[in-house]
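**Student:** after the sequence you'll find the predicted model.
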Amino acid sequence: MKTLDVSADKSTGVTVVTLDRPQRLNAIDLTMHDELRATWRELRFDDTVRAVVLTGAGERAFSTGLDRDAVVPQPGSPYMADDPLLRVGPKSNDLWKPVIAAVRGMACGGAFYLLGESDFLVADTTAAFFDPHTSYGMVSAYESVLMAQRMPYGEVARMMLMGTAERLCAQRAHDIGLVSELTEPGAALAAATECATVIAGYPPEGVQGTVRALWAAKEAALAAGFAQAPHLVALGNLPAERQTELFHGRRAGAFRVR
């Protein structure tokens, strides 16, 4: 079963990529991982596509990150741990066409791999951002590095360290610059598509060069942060069974909205 819906409007040059597992809050399983990678690679070769909008199906979530039921095979060597989300974003697949994220509902944890590689975010007032890693005895490494490029340090530190106890509301996300435009409920996709249509109307060489230049400004910091991430995860993560215990013990807990 396909986990993505890809809709191209040849008249505008805009393609909408929708994470399509609403029954699982658009969590990324290994099938979606493979489909995302294939989609980004295909869009590289389609010159009729000049801008992309990335969104999630349903009203409850953009994405809640890696599906907890996904079984990720790992090499026996501690030097070759596999993180399946490291290659799900457009930039990590060498797609240098603009990608605008349209966020409705929850965006948390591994969703930041996708948001971190989008060029800007549009969200509606139902959007909420948080990272559950620390609550479950896990290190937020790659997610923290990506979000540190998009938010003031104190804001991203608070979000990552507070875990499931607190969610960053759409208005606050807009106030601090994580979200560039805030819409009424259900209107984020239309607003993001409107922006994408404008951008797609410009000469693609200049647009893609600008995307590449903007990303180049962040690459050194990302590379330095990512280089530390595997060691921090290996040292700081609790054993998988303890993570599962904490997950089931905390997932129904109360949280505050900031």
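**Tutor:** All right, it came through fine.
**Student:** buried ones in the helix or strand hosting residue 206, by neighbour count?
**Tutor:** Using DSSP states H and E, the element containing residue 206 is helix 204-236. Buried positions in helix 204-236, judged by neighbour count with 16 or more other C-beta atoms under 10 Å: 204, 207, 211, 215, 218, 222, 225, 229, 230, 233. C-beta here means a position set from N, CA and C on the backbone, and glycine is covered the same way.
**Student:** C-terminal to that helix, what's the next element?
**Tutor:** helix 240-250.
**Student:** just how off-centre is the helix or strand hosting residue 167 within its chain?
**Tutor:** Assessed by DSSP H and E, residue 167 sits inside strand 166-169. Offset of strand 166-169 from its chain centre (C-alpha atoms, centre = their mean, to the nearest Å): 16 Å.
**Student:** elements contacting that strand?
**Tutor:** Helices and strands touching strand 166-169, by 3 or more C-beta pairs under 8 Å, 6 or more residues apart in numbering; DSSP states H and E, are strand 128-130, helix 153-162, strand 256-257.
**Student:** measure residue 81 to residue 66 for me?
**Tutor:** Using C-beta to C-beta, to the nearest Å, residue 81 is found at 14 Å from residue 66.
**Student:** swap that for residue 188, sorry
**Tutor:** For residue 188, the distance to residue 66 - C-beta to C-beta - is 23 Å.
**Student:** out of these two, which sits in the more crowded spot?
**Tutor:** residue 188 (30 against 22; other C-beta atoms under 10 Å).
**Student:** show me what contacts that one?
**Tutor:** Contacts for residue 188 (C-beta atoms under 8 Å, 6 or more residues apart in numbering) come out as 55, 102, 103, 104, 122, 123, 124, 127.
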